[in-house]
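Chemist: Sequence first, then the predicted structure:
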Amino acid sequence: MKHTIRHLTRPDMKDILRIQTAVLKALHDFMWDESIVQLMPVMLSPFTDPLAHNVYDGSLEYEGQRLQLTKSMILHKQLSLMRDDLKGIYIVSPNIRLEIGKTGLSGMHLLEFSQVDIELKQASYKDFMAFMERLYVHIAGFVVSTCPDSLERLGRTIPIPSSPFKLYESTELKERFGKDWEHEISIKEKQPFWVMDHFREFYDKEDPSTGKHINYDLVYPEGFGEALSGAERETEYDVIIRKMKERKTDAADYASYLEIAKKGLLSPTAGGGFGVERLVRYFSGKKEIREVCMFPRIPGEKVVI
Ligand code: ASN
């Protein structure tokens, strides 16, 4: 308990929360100017993101129905953009991912975190990446200009990158650095950069002619690691079914989503999501994600409060 009280009363928490508040204000202002509207979070649904890695089951039984706690709102983002009158949407989305215990050692994983999840209609991966770069530069600029005192107390200087950000292919980095490529390249870089082409969930689009995945990660420099993952989306029912089979994703769990896909109602979209806590960790220069959360839930650790 002593440790918890020490954490809750840490002197640098106010500066960290100020930076977090500035991040969210800059986000909302930017989206308002872009006419991108905000959705409220969905936390319970018959289906959620299958994720490309294994986590413990986060479902519950309610009145005879099995409901999933949201891992990400990717499929709900896609469904909301069936509408023709929306140009794009965003959500400050609570995500619950019951990661296996040893993941907690990364210093960048939480069982419960907030993802700024964005999806743009009729957008290509290039459109989304350019949009995200503008958003990032806006947020970083706002934090630098409004929180100089907090940044100084934290001993932190945030670079404002210029567009376009550097771009790598994951295959090239794997060859160069091996298994730990993301961390290795993140240590070397000084500004956020993109890494393209990752084998992931069924909803990230594949280019049938090259077999490449039309998806991307935005990665922070200085060893802070992954910021965002996103992609252009699959919209064709047959392709979605094939990719579900390849990934052993049970189509029965996604019945209503698939019914809509089968009717050809999914729009071409591209999007991505970044974790609020990871961005605040990078801006604050903290080694451990627990240091930027008032109530951290770290994989493998007992939740005490
Ligand atoms: N938000 C991600 C995306 O838009 C999905 C995820 O969080 N797994 O692709």
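Modeler: Great, that's in hand.
Chemist: Quick check: residues of the stretch 51-200 of the chain near the ligand?
Modeler: Within the stretch 51-200 of the chain, the positions near the ligand by C-beta under 6 Å from any ligand atom are 72, 74, 115, 117. Every C-beta, even on glycine, is put in place using the N, C-alpha and C of the backbone.
Chemist: What residues does E232 make contact with?
Modeler: Residues near E232 by C-beta atoms under 8 Å, 6 or more residues apart in numbering: 123-125, 128, 204-205, 214-215, 268-270.
Chemist: Quick check on those: which are buried?
Modeler: 123, 125, 128, 204-205, 214-215, 269-270 (16 or more other C-beta atoms under 10 Å).
Chemist: From these, which land in strands?
Modeler: Restricting these to those inside strands, with DSSP state E as the criterion, leaves 215, 269-270.
Chemist: Let me know the closest of these to the ligand.
Modeler: Closest approach between these and the ligand, by C-beta to the nearest ligand atom: N215, at 7.3 Å.
Chemist: what bridges to that closest one?
Modeler: For N215, the beta-bridge assignment (DSSP bridges) gives partners A231.
Chemist: and S170, how many neighbours does it have?
Modeler: As a burial measure, the neighbour count of S170 was computed by other C-beta atoms under 10 Å and equals 19.
Chemist: oh, I was asking about R242
Modeler: When neighbours are counted by other C-beta under 10 Å, R242 comes out with 14.
Chemist: and it, which of the three is it?
Modeler: helix (DSSP: H, G, I helix; E, B strand; the rest coil).
Chemist: any idea how far it is from S209?
Modeler: If you measure R242 against S209 using C-beta to C-beta, to the nearest Å, the figure is 16 Å.
Chemist: returning to that earlier point: for the ones in strands among the buried ones among the contacts of E232, which one is nearest S80?
Modeler: Among these, T269 lies closest to S80 (C-beta to C-beta), at 9.7 Å.
Chemist: Could you save the ones in strands among the buried ones among the contacts of E232 as JSON lines and add columns showing distance to the ligand?
Modeler: Converted to JSON lines, these look like this (distance: C-beta to the nearest ligand atom, whole Å):
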{"residue": "N215", "distance to the ligand": "7"}
{"residue": "T269", "distance to the ligand": "10"}
{"residue": "A270", "distance to the ligand": "9"}
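Chemist: now those residues as TSV including distance to E301?
Modeler: Written out in TSV, the entries for those read as follows (distance: C-beta to C-beta, whole Å):
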residue	distance to E301
N215	31
T269	37
A270	36
